[in-house]
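In: return atomic coordinates for the entry below.
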Amino acid sequence: MIDKFKSLLPYIGSVVLFVVLSFAYFSPVLENKELPQLDQSHAIGMAQELKSYEAKTGEKSQWTNSMFGGMPAYQIKGDSSKNIYSYINRITRLGLPYKTVAILFLYLLGFYIFLLSCKVDKWMSLIGAIAFAFGSYNLIIIIAGHITKAYTIGLMAPVVAGVLFTYNRNKWIGGLFTAIALGLQIAYNHVQITYYLALLVGIIVISRFIYALIEKSLPKFATSTAVLVVAAFLAILPNISNLWTTYEYGKYSIRGKSDLEAKDGDKAHSGLDKDYALDWSLEPIGTWTLLVPNAVGGASEAIGNNKQILEKVDSQFRETVAGQSQYWGGRTFTSGPVYAGAIICFLFMLGVFFFRGPDKWWLIAGTIFSFFLAWGKHFSGFTDLMFYHFPLYNKFRTVEMAMVIASFTIPTLGFLGLREVYNNPNLIKEKSWKFLAAFGLTGGVSLLFYLFPAVFFDFISDMELSAILQQKQQYIQQNAAQAAQVTEYFNGLLYNLKVARMALLKADAFRSFAFILIASGSLWLYATNKLPKKYVIWGLGLLIIIDLWSVDKRYLNNDHFQSARKVNKTFELTPSDIAINADKKEGDRVFTIYRNPFTEVNTSYHHQSIGGFHGAKLRRYQDIIDYYLAKDWQTLTSTLQTQGDDQTIQQKLSEMPALNMLNGKYIVYNPNVEPIVNTNTWGDVWFVKETYPVQSPDAAIDAIGYVDLKDKAIVNVSEFSALNDYKVDSIQGSIKLTEYEPNLLKYQYEAAQSQVAVFSQIYYPKGWNAYLDGKPVDIYRANYILRAVKLPSGNHELVFKFEPKSYQMGQLLALISSLIVILLVAVVGFKLWKEKKL
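Out: Numbers count the residues shown, from 1 in each chain. Next up is the predicted model:
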């Protein structure tokens, strides 16, 4: 027993070291400081109504009215209470700070387990875990607040470990481990990362199939693959509630197919708009940031922040250049590079040349494949093939995210290659050309970048050059007599901007060359018996952590942390919020126009918002934004800047039917003053005299612009024929909202005759049910996105309830599946214990 404990000490020590390293990097958390994270701030704002409802009732609502008029809450604050994997995830975090320390710990632990499963030495696995965890992208996404993405990345390595264990060693243990690791990953609910992992696993399966053909071992391959398929089901089923509701909702979101006809020149497809999906594509030259962090300038921060670089600029242009961005790649902006590490890139090339076996090929193929995916619009032939023809690919945006595959495969092949030359140093001497090739393709390239930077890089993006040349032309048009001087000035500006950025590149290129030279020199000395074996691994480990840590700290350092009080001030009530709260009724909505209303969540935190922030809002609501609300925002902003009197503003508001039908009562144009009260809305619900029949969604959305929506309801009678002939001479009755919860609305009404009521609530067919005095009645879609109900005469109560069957059935299946997983783990654990393997 004592001997067994002693054998475990190095592994326990590694885990303790991972905790220490994680706290060391995020040391400000020990001073009770927090990291402001934009996406986390968004998440807090989006979920506040749901959080308040849960605190009040103890129940979870699957619908929120806090943004975009109302939408399902599955991707805002889901319910994982029946999912065993969610509970296991909490355990694996060890109670560490959720948004910082626990993430880095999981990166380290996950990759450590993976390398150990690949039979890499425990100390080499320790260093490999550090190499993976401190890849710059893994840290940069933390400051951005992409927390679930980070956790999902951290679980990529354990999933692959299970897959390889299934093929290489014990299929039953490997299959169960795969099921658990994949289930844990899916539970973090970042589908795009899991999708990229599935693509990588697909490459692994193909490579194994080819090897099985060559080695005539197809039965073994088939059995192992079948086990992995079962493992995938065991991973998915406890997560089924979230996956089912997400799949169902996806058809109605901006990731589903539009109900409108495709515009001229556009190709009809289900999924995101192509330009939107590919907007964040990695420029191919930006791939060099894996080796040289400042290959395209690093992050989008001012050159003036680097005083040493600014000194190289001519004093005449220093002030102008100081305000320009260091980054000059093809994206609008970036938070930093995808830096794998100079030494890690060298080790990767060692793996390419020295590592042998089936794993080599999927690692190389996966790396190249991730480049192709990440290049997006810059690699249009391949991207079009994927976007239009590959299942689910067009559901995702920010394709540069595919570099997470390379961030995993590069250190993996690197340490498998290091294992080969470390265990057999004679390989370096016997096949020195391979060693020199690995050095040349990394260290040699870095040196070339340092010596001849202008040969390889432009240092000015096309978009940037176009803007500067346009500005130059404007100056010339205004000062034709000084055209020569203007041209000379702008030529000088471009030259000095290049000088600054060239200096940034050269500094990092030489830095990468130096690290690779020292690392390769150490291995050469080891191979020639001039450096003891025990110093090689720890020396490389020290170099790797110095390299990665110092680059990571450029983009996420102690200065980014703030006091918890300052971070939490984001959602403090403004004078405008206070005025609205004093006046509003349930159902009144707020339109914030002093910033982009469709990318902010402060309004959603306190009120029901016309805008909001979400990556998968309802498709039809996005259509309303594109056709009407975005123009309303621009019109109101322009009017307030030029003709700010109340009469003019109210006149403009009366000409905004989409805003009025959504009950956009309060217009916040300055958070420090009272809002404009829109007197043109029709409230939360109103009776109409007749329906305006149309035959298509296009006709319905167009009609909003010219039909009197106060008296008429636009109805697509090809879908809802029951309202085709509705018409009354006058409105006789009243209806009002009497009770409000996010997932339940009660109305009391009286009517002398049958009436059609239109509600400023969003129509969603999968879950909303209507009950008249307790009996079900039909809900119709009116005005393209709203709900309508045909009501009989008399005094009655109408109730809307959100009761999605996908959620209810999903929760039951998740519970049953979780119990099955627990039982399987217990059975396998007992069997291994009996066989003395545990």
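
In: next SSE after the lowest-mean-pLDDT helix or strand in the chain?
Out: Lowest by mean pLDDT, DSSP states H and E among the helices and strands of the chain is helix 564-567, with a mean of 80. Next helix or strand after helix 564-567 toward the C-terminus (DSSP states H and E): helix 575-583.

In: buried set for that next one?
Out: 576-577, 579-580 (16 or more other CB atoms under 10 Å). The C-beta positions use only the backbone N, C-alpha and C, and glycine is treated the same way.

In: what's the least confident helix or strand of the chain packed up against?
Out: The contact analysis (3 or more CB pairs under 8 Å, 6 or more residues apart in numbering; DSSP states H and E) places helix 564-567 against strand 33-34.

In: strand partners of the strand it packs on, parallel vs antiparallel please.
Out: Using DSSP bridges, the strands paired with strand 33-34 in its sheet are strand 562-563 (antiparallel).

In: averaged pLDDT, the partner strand. What do you get?
Out: Averaging the model's pLDDT scores along strand 562-563 yields 88.

In: got it, and stretch 35-51?
Out: Here the average pLDDT along stretch 35-51 is 87.

In: neighbours of K51, how many?
Out: By other CB atoms under 10 Å, 15 other residues sit near K51.

In: quickly check the buried residues of helix 575-583 for the two that are furthest apart.
Out: Farthest pair in the buried residues of helix 575-583 (CB to CB) is D577 and A579. Separation: 7.4 Å.

In: and of the buried residues of helix 575-583, the nearest to A467?
Out: Nearest to A467 among the buried residues of helix 575-583 is S576, at 35.4 Å by CB to CB.

In: next one: the closest one from P675, what distance?
Out: 5 Å (CB to CB, to the nearest Å).

In: any shared contact partners between those two?
Out: Residues touching both S576 and P675 by CB atoms under 8 Å, 6 or more residues apart in numbering: V668.

In: ok so F233 is a helix residue?
Out: Yes - when DSSP: H, G, I helix; E, B strand; the rest coil is applied, F233 is found to be in a helix.

In: ok, now which ones touch it?
Out: Taking CB under 8 Å, 6+ apart, we find F233 in contact with no residue.

In: mind doing that once more with 10 Å?
Out: Counting by CB atoms under 10 Å, 6 or more residues apart in numbering, F233 touches 179, 240, 817.

In: show me which of those residues are buried.
Out: 179, 240, 817.

In: per-residue confidence at the last one?
Out: S817 carries a pLDDT value of 95.

In: so it touches W244, yeah?
Out: No - using CB atoms under 10 Å, S817 makes no contact with W244, being 12.0 Å away.

In: want to throw the contacts of F233 into TSV with distance to F687 and secondary structure?
Out: Formatted as TSV, these follow (distance: CB to CB, whole Å; DSSP: H, G, I helix; E, B strand; the rest coil):
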residue	distance to F687	secondary structure
A179	55	helix
I240	42	helix
S817	47	helix
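
In: just to revisit the earlier point, name the nearest of the buried residues of helix 575-583 relative to T398.
Out: Out of the buried residues of helix 575-583, the member with the shortest distance to T398 (by CB to CB) is D577, at 32.0 Å.

In: what's the pLDDT at the closest residue to the closest one other than its chain neighbours?
Out: Spatial nearest neighbour of D577, chain neighbours left out: H606 (5.0 Å); criterion: CB to CB, 6 or more residues apart in numbering. On pLDDT, H606 comes in at 95.

In: what about this protein, any weak spots by pLDDT?
Out: 1, 3, 263-270, 836-838 (pLDDT under 70).

In: give me the nearest residue to Q695, chain neighbours excluded.
Out: Here the residue nearest Q695, using CB to CB, 6+ apart, is S718, at 5.3 Å.

In: any idea which helix or strand carries that neighbour?
Out: Here S718 sits in a region with no helix or strand, counting by DSSP H and E.

In: that one touches P693, doesn't it?
Out: Yes - assessed by CB under 10 Å, S718 is found in contact with P693 at 9.1 Å.
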